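Novice: Predicted coordinates and the sequence they were generated for:
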Amino acid sequence: MSRIGKLPVQVPAGVTVKVDGHTVHVKGPKGELTRTIHPEIGVKLEGSTITVSRPSDESAHKSLHGLSRTLIANMIEGCAKGYVKSLEITGVGYKAEPKPFGLQLALGYSHQIQYKAPAGIKLTAPQPTQVVIEGADKEKVGQVAAEIRSLRPPEPYKGKGIKYTGETIRRKAGKAGGK
C-alpha cells in the first residue's frame, strides 16, 4: 500500500464534504472547492473520515492513490484554514499597491504592471514592499505567487526583484575592476 494513500483524511468541524461518484465537493469557512478524481480510484466518505482506495498494485494506480489522497486533504485544509504565501519586493522605487482588481506594481520598468487576481484569490500589500496571497486552493495560491515573482525575479548582483519570504538569493561578486 501507498504510505500516503492508505492514511484516512479527517474532516474537521465546520467543513462539509460530499462525494458524488468520482467528484468531491468541499465547503468550509474559507471557500468552496470541487475536484474530479481519476475514475479508477475509489473515494469513500464514512462519517467524518475519507478513505481512498486503488484497484490494483500497478505503478500507475500506486501513483494515483497517493496523489488523489493528497489532493483531497489539500482541499479540506484549504477550505478549513486557507493557504497563504508572501512575497518581498527589494529595490529602489519598487512597490506594490492594492487595487480593486488586484495589484499595481512598480518594478523599475517604464510602466506600471497591473496584475488581476483570479477568482478565489485575495491579494493584499500590508507594506509597499510586501505582498500577501491568500486563498482556499493551494494550487492557485502557488501559481499566483509564481506569476507575480516572474514579473521581476531577483537578480544575483544586487538582489533586486520579487522573492518569496524566507528565500535566499545566491549573490555573485560584480566585475573585478581594472588595474
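Specialist: Cool, got the structure.

Novice: how does the protein divide into domains?
Specialist: For the chain, the structural domains run 9-80, 83-164, going by automatic domain parsing.

Novice: Tabulate these (CSV), appending mean pLDDT and distance to Arg170.
Specialist: To be clear about C-beta, it is placed using only N, CA and C from the backbone, and glycine gets the same treatment. Shown next, in CSV, are the domains of the chain (pLDDT from 0 to 100; distance: least, C-beta to C-beta, whole Å):
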stretch, mean pLDDT, distance to Arg170
domain 9-80, 93, 31
domain 83-164, 95, 6
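
Novice: Would you tell me which of those gets closest to Arg3?
Specialist: domain 9-80 (7.7 Å; C-beta to C-beta).

Novice: mind putting the domains of the chain in CSV, mean neighbour count included?
Specialist: Listed next are these as CSV, based on neighbours: other C-beta atoms under 10 Å:
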stretch, mean neighbour count
domain 9-80, 16
domain 83-164, 16
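
Novice: okay, these in CSV with distance to Arg3 next?
Specialist: As requested, the domains of the chain are exported to CSV (distance: least, C-beta to C-beta, whole Å):
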stretch, distance to Arg3
domain 9-80, 8
domain 83-164, 21
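
Novice: for the helix or strand harbouring Ala145, packing partners?
Specialist: In this assignment (DSSP states H and E), Ala145 forms part of helix 138-150. With contacts taken as 3 or more C-beta pairs under 8 Å, 6 or more residues apart in numbering; DSSP states H and E, helix 138-150 sits against helix 59-80, strand 83-90, strand 121-127, strand 130-135, strand 161-164.

Novice: Let me have the ones you listed in a markdown table, extended by distance to Gly28.
Specialist: Output for the helices and strands packed on helix 138-150, formatted as a markdown table (distance: least, C-beta to C-beta, whole Å):
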| stretch | distance to Gly28 |
| --- | --- |
| helix 59-80 | 3 |
| strand 83-90 | 13 |
| strand 121-127 | 16 |
| strand 130-135 | 13 |
| strand 161-164 | 26 |
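
Novice: Can you check which of those gets nearest to Glu46?
Specialist: The nearest among the helices and strands packed on helix 138-150, by C-beta to C-beta, is helix 59-80 at 13.7 Å.

Novice: what packs against that closest one?
Specialist: Looks like helix 59-80 contacts strand 9-10, strand 23-28, strand 31-36, strand 49-53, helix 138-150 (3+ C-beta pairs under 8 Å, 6+ apart).

Novice: which one of those lies closest to Ser110?
Specialist: Per C-beta to C-beta, nearest to Ser110 of the helices and strands packed on helix 59-80: helix 138-150, 18.6 Å.

Novice: Quick one: work out the angle between that closest one and helix 59-80.
Specialist: Put simply, helix 138-150 runs at 80 degrees to helix 59-80, going by axes from the mean of the first three to the mean of the last three C-alpha atoms, to 10 degrees.

Novice: ok, residues contacting helix 138-150?
Specialist: 74, 77-78, 83-85, 87, 103, 105, 115, 117-118, 120-121, 123, 131, 133-135, 162-164 (C-beta atoms under 8 Å, 6 or more residues apart in numbering).
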